[in-house]
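In: Using only what follows, build the 3D model:
(chains A and B)
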Amino acid sequence: MPQVSLTVNGTQHTVEVENRTLLVELLREKIGLTGTHVGCDTSQCGACVVHVDGTSVKSCTMLAVQAEGANVTTIEGLAAADGTLHPMQEMFREHHALQCGFCTPGMVMSAIDLVQSHPEGLSEHQIREGLEGNLCRCTGYHNIVKAIAAAWPLMHGKTMPAAAE
Amino acid sequence: MGHEGIGASVRRKEDLRFLNGRGHYTDDMNRPGQLYAYIRRSDRPHARLGAIDTAAAKASPGVVAVFTGADMAAEGIGGLPCGWQIHNKDGSPMAEPPHPVLATGKVRHVGDPVAVVIAQTRQQAKDAAEKLAIDYHDLPGAAGLREALAPGAAPVHDEVQGNLCYDWHIGDKAMVDAAFAGAAKVVKLELENNRLIPNAMEPRAAVGDFDPMSGDYTLITTSQNPHVIRLLMGAFVLHIPENHLRVIAPDVGGGFGSKIYHYAEEAIVTWAAGKLKRAVKWTAERTESFMSDAHGRDHISTAELALDKDGHFLALRVSTLANMGAYLSTFAPCVPTYLYATLLAGVYKTPAIYAEVKAVFTNSVPVDAYRGAGRPEATFLLERLVDVAARETGIDRVEIRRRNFIPNDAFPYQTPVALQYDSGDYTATLNAALKAADYAGFESRRAAARARGKLRGIGVSTYLEACGIAPSAVVGSLGARAGLYECANIRVHPTGSVTVFTGAHSHGQGHETTFAQLVHEQLGVPLDQIEVVHGDTNRIPFGMGTYGSRSLAVGGSAMVKAMDKIIAKGKKIAAHLMEASVEDVEFKDGTFTVAGTDKSKTLTDISLTAYVPHNYPIEELEPGLEETAFYDPKNFTYPGGCHVAEVEIDPETGVTSVVNFTAVDDVGRVINPMIVEGQVQGGVAQGIGQALLEHAVYDSAGQLLSGSMMDYTMPRADNLPNITVGTESTLCTHNPLGVKGCGEVGAIGSPPAVMNAVVDALREYDVRHIDMPATAPKIWSIIQAGRPRMAAE
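Out: Residues are numbered from 1 along each chain as shown, chains lettered A, B, ... in the order given. From the prediction side, this is the model:
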């Protein structure tokens, strides 16, 4: 069986996988990081989104062997060591942007990439379109959209440009 | 005090673990030596089962066992039980054919489980399952209601010729017929309520385990009601007594009804764990969820409303066909009867109502309760019919509703279809919703949209639901094979912290927060010293679980009762310590005081004394401070309200967008406004999904066409608007909290509001009614068909 070496949340791992093993299976079953979820089998739901080298990726759509040498961040790696939440986690809590919590890890990881990749600001319309790849069945997205808009200024350290509102 | 209690939007206690990936969902759980199950399912809608050749699968790498229906039958494993028995018009019981755990003799729907392969890894089990050679002899199949009832249709169950499960009715037919005979106006509407697939984001999963030393079985499962699963599976399927069967429903990723039922896979992994003396895990792939989770809705109805010359409703007559699917799921028979036809009065004082319901077996996945369960079907029918009546009498849509509302002074109000409403103020919710939605200013927005080339419409729905289910004696007389009380155990620890053990189950509702707020309010204990435990039959005395918006109204009331007992006992201990008479001891904000004195003891003083009873009335009182209560509700609760939807249709594409949505609901007393608002928004999103996007589609032979998330249109963020939520509360009069329930209102009130808006937007095309979902092709076709006529006029 092939071996994969990768860094997950700052820790180096080398694990044996099958050729067909998916990145999400490696994370959940080989490394035991069960915060990343599997909600579908057609890459529709986004519950499995993680960051690979800083970019959001559906980890059900990437083979584990493709992550050789990669730097992966999962939901477990977001908060600081002292428990301080990432601003996106904090805003999800503040705005009640989660109910059952199952889509939440993927939703938060997608949202962070969405905010990071839009330093010019994000309109509500852009946020909603940016969440196209993530399904939530509980919240109706209303509070998720609010949480992401509220996280933007915290992550960029400035107020949202008016044009983006 | 107060800022964390009733009425405070406390941030949720459960969020920290979910936001950090530290939730514990069933598939996250692993047991030592665990094996993996993969279930081979029928890809045929209807077929006789011939030989199943398991040799190649058994020889496949990693395979430990392969079991078929014959193996389970040989061990006397029972079928999956149905929890509700409906009686026909003639008093005879419904047809209740067996529901084998693994198919025997025939397969009856695509997804029917045929065999289970158990292997060292998930992939090995799946690989081996492909090597099973199953000999099918195809039979004609029908997934649709009309097709299954057609003369000569193949019987889904050989013993149920004609496929009729039951033919039931409610109401006074003679009175209704007489009212129709004398009516100034009769409005008739044929409508369908589209079949839905719940799609909680967490797929179902189950882990069975067995300890050969103790004989104890453990089942970890994605359930909304672990005690109900223990009862059904233990007593009826696997014959395991309660003391040897522990059912754990840990963090559960959404349910919406679909995780109420006892499913075959739970019995399979538990039984297989016992056979193999090893833990067995099964996790659904989403494609399996589509063809094995109970579906929702699927009605065809004819509705007629009789009115007098002033637009007063005189009588309502309804005839409905309801799809049961291939087998009776746990609560399926009650959904189109007692959760549907009893709601047909809605918020209106219609004096005579008659409804008949035929439930039909078809070659499709079993249908059972999905968010709202029967009440969305009743509301859609009624609120569409009222809009059509308004249009055909020339009375304004809002005015005809006002004219027929049950007035505020009529409560308690006895409907002609069994229910007695305790409280409500339908004018208040209507007025508040119209104001919040700027209904009065709509025509200018319609004109502005027209200038942009868009068709804009507005729709109103005034609805009511019955939830907080339910009085045990009442539901028992209606065919329930269970009581619907709830249980709570409150444990005050020696140092004054509190653990609540509740029979309700949280799978997104935020019980760990709301229930802690109740304890804080009543006992004065800080929120961070209150822990809420749910979902484990070994830790919680008993429970009926969470569905039908019952957790707070029934489970919360049980907590109040248990805390009343805590306070009563605490007063006795406090009276002893303060050398006062019990009658003089008062309890408020966590402190016992002797009236008229400065003597006081905190709850912590009392709990410490209760567990260290050195100075204690030991002759009269047991040590400890822990109480259990069961609460059986006196009535259903009746949330209601008004939803206003505003849509825009692009006539070039037929795409309908909900541009504004306003919900004003009466859910009784609100404990946590933030959570209530979230529940309503989520329910509305599912309602908009039903109205515009979602449809479980079978072909004529019974093949599921919308069998994945690529084919079944789940609402996404850019399909939905912001959802404005308000509340206008009247209190429930018969439970101690005055609460009514908020979990389902969004999904009940919203579909007709959206569809009334769609029909309104298309008014120049002379559209009388559109069935859901209002997909772009459907709307585009209506517009195209309307164009030549408009051009000719």
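In: So the residue most central in space within chain A, which state does it fall into?
Out: For chain A, the residue whose C-alpha lies nearest the mean C-alpha position (Cα atoms, centre = their mean) is residue A:109; its distance is 1.7 Å. Residue A:109 carries the three-state label helix when classified by DSSP: H, G, I helix; E, B strand; the rest coil.
In: Now for the residue nearest to it when sequence neighbours are not counted, how many residues are close by?
Out: Nearest in space to residue A:109, with sequence neighbours left out and distances taken as Cβ to Cβ, 6 or more residues apart in numbering or on different chains, is residue A:49 at 4.4 Å. C-beta coordinates here come from the backbone N, C-alpha and C atoms, glycine included. Residue A:49 has 30 neighbours, counted by other Cβ atoms under 10 Å in any protein chain shown.
In: Ramachandran coordinates for residue A:49?
Out: Listed backbone geometry of residue A:49 is phi -70, psi 130, with angles given as degrees, to the nearest 10.
In: what pairs with it across the strands?
Out: According to DSSP bridges, residue A:58 are recorded as the beta-bridge partners of residue A:49.
In: near chain B at all, whichever helix in chain A runs longest?
Out: Selection of the longest helix in chain A by residue count, based on DSSP state H, yields helix A:142-156. Yes - for a cut-off given as Cβ under 8 Å from any Cβ of the partner chain, helix A:142-156 has contacts with chain B, namely A:142-145.
In: residues contacting the residue of the stretch 401-550 of chain B at minimum distance from chain A?
Out: Of the residues in the stretch 401-550 of chain B, the one nearest chain A is residue B:508, at a distance of 3.3 Å by Cβ to the nearest Cβ. With contact set as Cβ atoms under 8 Å, 6 or more residues apart in numbering or on different chains, residue B:508 has these partners: A:99-101, A:138, B:252-255, B:682.
In: Distance of the closest residue to chain A within chain B relative to residue A:93?
Out: The shortest separation between chain B and chain A is 1.8 Å, found at residue B:21 (distances taken as Cβ to the nearest Cβ). Applying Cβ to Cβ, to the nearest Å, one obtains 14 Å for the distance of residue B:21 from residue A:93.
In: To what extent is residue 56 buried, counted in neighbours?
Out: Chain wasn't specified; assuming chain A. 22.
In: nope, chain B
Out: Should you count by other Cβ under 10 Å, residue B:56 turns out to have 14 residues around it.
In: Pretty sure residue B:332 sits against residue B:82.
Out: Yes - counting by Cβ atoms under 8 Å, residue B:332 touches residue B:82, with 7.0 Å between them.
In: the helices in chain A, which residues?
Out: Ranges of helices within chain A are A:23-25, A:87-94, A:104-116, A:124-130, A:142-156, based on DSSP H.
In: Check those for me and report the most buried one.
Out: Greatest average neighbour count among the helices of chain A goes to helix A:104-116 (a mean of 26), per mean count of other Cβ atoms under 10 Å in any protein chain shown.
In: Now find how far off-centre that one is within its chain.
Out: Relative to its parent chain, helix A:104-116 has a centroid offset of 4 Å by Cα atoms, centre = their mean, to the nearest Å.
In: what's the answer for stretch B:29-37, then?
Out: The chain centroid and the centroid of stretch B:29-37 are separated by 31 Å under Cα atoms, centre = their mean.
In: low pLDDT regions in chain A?
Out: Where chain A drops to pLDDT under 70, the residues are A:163-165.
In: 50 instead?
Out: Counting by pLDDT under 50, chain A contains no low-confidence range.
In: okay, now the domains of it?
Out: Domain assignment for chain A, taken from automatic domain parsing, gives A:3-75, A:87-164.
In: Tell me which residues touch the residue in chain A that chain B sits nearest to, please.
Out: Of chain A, the residue with the smallest distance to chain B, taken as Cβ to the nearest Cβ, is residue A:35 at 1.8 Å. With contacts defined as Cβ under 8 Å, 6+ apart, residue A:35 is in contact with A:74-76, A:105, B:20-23.
In: Excluding chain neighbours, what is closest to it?
Out: For residue A:35, the closest residue by Cβ to Cβ, 6+ apart turns out to be residue B:21, at 1.8 Å.
In: That neighbour is in contact with residue A:86, isn't it?
Out: No - between residue B:21 and residue A:86 there is no contact, the gap being 11.9 Å when judged by Cβ under 8 Å.
In: Looking at the two, which has the bigger crowd around it?
Out: Counted by other Cβ under 10 Å, residue B:21 and residue A:86 do not tie: residue B:21 has more neighbours, with 24 against 20.
In: Could you pull up the residues touching the more buried one?
Out: Applying Cβ under 8 Å, 6+ apart, the residues contacting residue B:21 are A:33-36, A:74-76, A:105.
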